[in-house]
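In: sequence? don't have it. structure:
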């Protein structure tokens, strides 16, 4: 006997399918080049299905960004809190960030397009900032837990440490996109580790 799928389950599955398709199309076309028609076709739905789940392209991208950030938070928790030392943790995160950029070189370029777009629309800018700050606050909680575990303290608020590392990653991605030989993944990982190392001192200092 076939299992009956509830309406809420169908809606959740449709939303998940649309987000997966949106990521594919945004990476392929860029934010501005992507269309809701193409995203719907990629997912195997009508454009009406997109509008029944998202207010428009901005809302869809923000939902995708939120899902991306949630996955990153989970990865960082595992990386940062399971390594035996602080040095091991910050090195592992740097390697992860560099590998992610190599795996999806178009992700941060597409995000840069969206940020430029959001900066010109106050309502979109506010929603983007909310999404971004929620991510950075979650990462700052992980950083606080990490330094506490290893008997360290931060020279700056953990939120600003998270922001600085994120800004560094974006700059690195932009450089690599323009000139893949400009900065190696290994150099980025070391620079990111140096940043985080320089922002911490022992509790006695």
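Out: Arrived safely, thanks for sending. All figures in this text were calculated on a predicted structure; none of them were measured in a lab.

In: would you check that residue 115 makes contact with residue 128?
Out: Yes: with contact defined as Cβ atoms under 8 Å, residue 115 counts as touching residue 128 (7.0 Å). No exception for glycine: its C-beta is placed from N, CA and C like everyone else's.

In: middle-most residue in this protein, spatially?
Out: Note on the chain: the residue nearest the mean C-alpha position is residue 69, at 4.0 Å, using Cα atoms, centre = their mean.

In: now that one: which helix or strand?
Out: helix 57-82 (DSSP states H and E).

In: so how far is that helix off the chain centroid?
Out: Centroid displacement of helix 57-82 relative to its chain, using Cα atoms, centre = their mean, to the nearest Å, is 5 Å.

In: following element in sequence after that helix, please.
Out: Following helix 57-82 in sequence order, the next helix or strand is helix 86-103 (DSSP H and E).

In: which regions of the protein sit below the pLDDT cut-off?
Out: 1-3, 205 (pLDDT under 70).

In: what ranges do the helices span in it?
Out: Counting by DSSP state H, the chain has helices at residues 7-29, 36-43, 47-53, 57-82, 86-103, 107-118, 122-149, 158-178, 185-198.

In: what residues does the last one touch?
Out: I take that to be helix 185-198. 87, 90-91, 93-95, 97-99, 101-102, 155, 161, 164-165, 168-169, 172 (Cβ atoms under 8 Å, 6 or more residues apart in numbering).

In: before we move on, the earlier item: quick one: the helix holding residue 69 to helix 36-43, angle?
Out: Relative orientation of helix 57-82 versus helix 36-43 (axes from the mean of the first three to the mean of the last three Cα atoms, to 10 degrees): 50 degrees.

In: mind giving me the packing neighbours of helix 57-82?
Out: Helix 57-82 sits against helix 7-29, helix 36-43, helix 86-103, helix 107-118, helix 122-149, with contacts defined as 3 or more Cβ pairs under 8 Å, 6 or more residues apart in numbering; DSSP states H and E.

In: buried residues in the second one?
Out: Neighbour-count burial for helix 36-43, counted by 16 or more other Cβ atoms under 10 Å, picks out 36, 38, 39, 40, 42, 43.

In: that one to helix 7-29, inter-axis angle?
Out: 110 degrees.
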